[in-house]
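[1] Here you go, sequence then predicted model.
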Amino acid sequence: MSADQRRDAVTAPGFSLNTRKTGSSGWLERPPLDHIVMGVAILAFLIAFPFFNPGYRFLSLAITTGFTAIALYGLALQFGQAGIMSVGHAGIMGIGGYTAAILANQLGIGFWLALPASILLSALAAGLVGLPSLRVGGQHYIIITFCFCALLVIALTNGGDFTGAATGLDVGPIAGPFGINLAKLRNMYYLVMLALVVSLVLTYVIVHSPYGRTLWAIRENEPLARAVGINTNFHKIGVFALSGAFAGAAGILQTYYLRHISPPLYGAFPSLYLALMVMLGGARPLYGPLLGAIIVTFLPEVGGLDPIDSRIAYGVGLLLVILLLPAGVSGGLLGLYRSMIGRQRRAEKG
Amino acid sequence: MVAARLEITGLRKKFGGVVALAGVDVSIDGSGITGIIGPNGSGKTTLFNVVTGAHKPTAGRVTWNGQDITALPAYRIARLGLVRTFQQAMSYPGLSVRDNVSIGFEHGRSIGSTDRRWRSPDEVLAFVGLDGLGEEVAGSMSFGNLRRLGIAVALAADPVLLLLDEPAAGLSDSEAGDLRELILRFPKMGIGVCLIDHDMALMGAVCDHFIVLNFGTKIAEGAPAEVLQNAKVLEVYLGVDL
Ligand SMILES: Nc1ncnc2c1ncn2[C@@H]1O[C@H](COP(=O)(O)OP(=O)(O)OP(=O)(O)O)[C@@H](O)[C@H]1O
Ligand SMILES: [Mg+2]
């Protein structure tokens, strides 16, 4: 363990969020109060959002933010908990998206039955794509995931009628339960937000369960983890699969929101964007991925940037974040919040 | 049950051109306290690394209670009760002390078993003298306590044979005294010990058997008093006060 690691472990804001207080006394720690308050506030906002008359454009952006954030929670597990970044995450979303679209077009299977299939196949694909990471180091692995995306796009483009080739595939609307019309944008919004909340809760549970602790141990000291009996390779691939499951859910939601998908959605560029969002928002703090998705999705609209401008803005923004806020924007905010609380306590004491 | 035994035959390990182990044959009694001594770079740590599966040997064979474990991955070997500590980096620095121990508890030899020596991570912490420190972040502890924690993490995995790599390095005299007491308790609890250390006072006080390595070869073996009279050993340790 280096002195740096030791210092990080104690002081870095992005880390302290996950520092555990209780051990074996409970299966799962209760979330701290500020987490719950924050969660309730976000939930209230998500429910109320459509009532502020956001208009078609903003509601669409909110839906995009929603399924993007779901995918990001997967990538954040992989990057934040297992310490492995990838630029192939959009490709994994594509596995989920195309699974759903192919099932719909070939077998007439709708959203609800396709959902578990999309999640499962994406998890499987992510686990397979993750295998080389057991052998090669981080930077090399990133290149491998990049290649995976490129190959996937080629395969989808040349899949003939089965994948719809370059044109892609269409799907119908989701058959909503209880006669809910999910072709309506507002209802689609609520479905995506429900999935987002589930993803957030799942992430919290995974990170704070004994399983999350095991992942933490592997990340911090792999030789020691092996020496006490942890099957580190199995768990690492497990995280990839979990990460893929999130991407699969995001992929099928995206497919049924867009109603039409084509190969370029899942190439290396969209994957890079996902990686950017995770780093921008922060992978470890619970609300980091959500924040990253919001910033990147809404920035061009709010700031009135054209695609070229926004790419430049992201590039500069990412550099600034990496240099100034290594734990992401949310980590930075969290640090600020902590230091303010600390100052207030000191002031109260005297 | 037959006494646990670790048999090492013809064990070789090369790192590029460096021969760290040049064909070592030893048989270690899994219920006593065996000391492994030798100058710096003689291959002691490498022996632990190869036996516990952290490194694959270039040649040779390791069996544990008759089972060939040479090709097994490290985690499987740990679950068979061969658990080692590390010369450096003994903890998960960002986790709490209690969580460090929980990790061993949740994955070691007795996963799922109710029949264990310690019923909870806190009992292990109390055993090594870290009671009350469960909430500390491991990375912020003093060096002496970090060494204790390293042993606690290994104990939590419920070893049959505990391999300790220089547990006394960097400890104060009083801490080394505590360590000695601790190690002497293991055999009575049914935990065998294999111990590497340069602290000859400690080694002499606790070990019932010595194995001496030099340049990756075993040059002597036997009762401590005899081994320390051995001409080859004296030559290796020339000028060092045994
Ligand atoms: N991972 C490695 N890569 C390359 N060479 C290594 C590696 N590990 C050990 N060696 C070499 O193997 C030889 C034996 O090293 P080892 O660490 O086993 O010695 P040691 O007896 O434990 O020494 P010390 O008392 O200093 O801890 C040394 O020459 C060392 O440089
Ligand atoms: Mg050594």
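    Sure thing, it's come through. Residues are numbered from 1 along each chain as shown, chains lettered A, B, ... in the order given. Ligands and ions are numbered 1, 2, ... in the order given.
[2] going forward, measure contacts and count neighbours with C-alpha atoms only.
    Fine.
[3] What is the burial count for residue B:208?
    By other CA atoms under 10 Å in any protein chain shown, the residues close to residue B:208 number 15.
[4] Local confidence estimate at it?
    Note for residue B:208: predicted pLDDT of 93.
[5] Now it, what are its backbone angles?
    phi -100, psi 0 (degrees, to the nearest 10).
[6] I'd assumed residue B:227 was in contact with it.
    No. Using CA atoms under 8 Å, residue B:208 is not in contact with residue B:227; the gap is 11.2 Å.
[7] For the residue minimising distance to the centre of chain B, give me its contacts.
    What sits nearest the mean C-alpha location of chain B, by CA atoms, centre = their mean, is residue B:163, with 1.7 Å. Taking CA atoms under 8 Å, 6 or more residues apart in numbering or on different chains, we find residue B:163 in contact with B:48, B:82, B:83, B:84, B:85, B:193, B:194, B:195, B:196.
[8] Can you report how many residues neighbour the fourth one?
    The number of residues packed around residue B:84, counting by other CA under 10 Å, is 28.
[9] Could you do the first one as well?
    By the measure other CA under 10 Å, the count of residues near residue B:48 is 22.
[10] picking up where we left off before, show me the two of the contacts of residue B:163 that sit farthest apart.
    Spanning the widest gap among the contacts of residue B:163 are B:82 and B:196, at 15.0 Å by CA to CA.
[11] the more surrounded of the two?
    residue B:82 (31 against 24).
[12] thinking again about what came up before, near chain A, which of the contacts of residue B:163 show up?
    Counting by CA under 8 Å from any CA of the partner chain, B:83, B:84, B:85 from those sit close to chain A.
[13] quick one: which of the residues you listed is nearest to residue A:80?
    residue B:85 (27.0 Å).
[14] wait, what's in contact with that closest one?
    So residue B:85 contacts A:224, A:227, B:150, B:151, B:154, B:162, B:163, B:164, B:165 (CA under 8 Å, 6+ apart).
[15] Tell me the one among those nearest to ligand 1.
    residue B:165 (8.0 Å; CA to the nearest ligand atom).
[16] Pretty sure that closest one sits against residue B:197.
    Yes. With contact defined as CA under 8 Å, residue B:165 counts as touching residue B:197 (6.7 Å).
[17] Quick check: residues of chain B near ligand 1?
    Neighbours of ligand 1 within chain B, by CA under 6 Å from any ligand atom: B:15, B:20, B:39, B:40, B:41, B:42, B:43, B:44, B:45, B:46.
[18] Which strands and helices lie in contact with the host helix or strand of residue A:139?
    Using DSSP states H and E, residue A:139 falls within helix A:138-157. Counting contacts by 3 or more CA pairs under 8 Å, 6 or more residues apart in numbering or on different chains; DSSP states H and E, helix A:138-157 packs against helix A:89-102, helix A:268-281.
[19] can you give me the angle the last one makes with helix A:138-157?
    Going by axes from the mean of the first three to the mean of the last three CA atoms, to 10 degrees, helix A:268-281 is angled at 140 degrees with respect to helix A:138-157.
[20] what's helix A:268-281 in contact with?
    For helix A:268-281, using CA under 8 Å, 6+ apart, the contacting residues are A:68, A:72, A:75-76, A:85-91, A:146, A:149-150, A:288-293, A:296, A:317-318, A:321-322, A:327-331.
[21] Backbone dihedrals for residue B:39, please?
    phi -70, psi 170.
[22] pretty sure it contacts residue B:216?
    No. Contact criterion CA under 8 Å: residue B:39 and residue B:216 do not qualify, at 10.3 Å.
[23] which of those two has more neighbours?
    Shown here are residue B:39 and residue B:216; by other CA under 10 Å, residue B:216 has more neighbours (25 against 14).
[24] could you pull out the strands for the stretch 151-300 of chain A?
    Using DSSP state E, counting those that start in this stretch, the strands of the stretch 151-300 of chain A run over A:169-170, A:260-261.
[25] repeat for chain B
    Taking DSSP state E to define them, one finds strands in chain B at B:5-15, B:18-29, B:33-37, B:59-64, B:67-68, B:82-84, B:161-165, B:192-196, B:209-214, B:217-222.
[26] and stretch A:303-318, how far from the chain's centre?
    21 Å (CA atoms, centre = their mean, to the nearest Å).
[27] any low-confidence regions in the chain?
    All of this refers to chain A. A:1-29, A:349-350 (pLDDT under 70).
[28] actually it's chain B I care about, not the one you picked
    B:1-3, B:89, B:112, B:114, B:238-242.
[29] How about the residue in it positioned nearest to chain A: what's its closest non-neighbour residue?
    Nearest to chain A in chain B, going by CA to the nearest CA, is residue B:75, at a distance of 4.0 Å. Counting by CA to CA, 6 or more residues apart in numbering or on different chains, residue A:229 is the residue found nearest to residue B:75 once chain neighbours are left out, at 4.0 Å.
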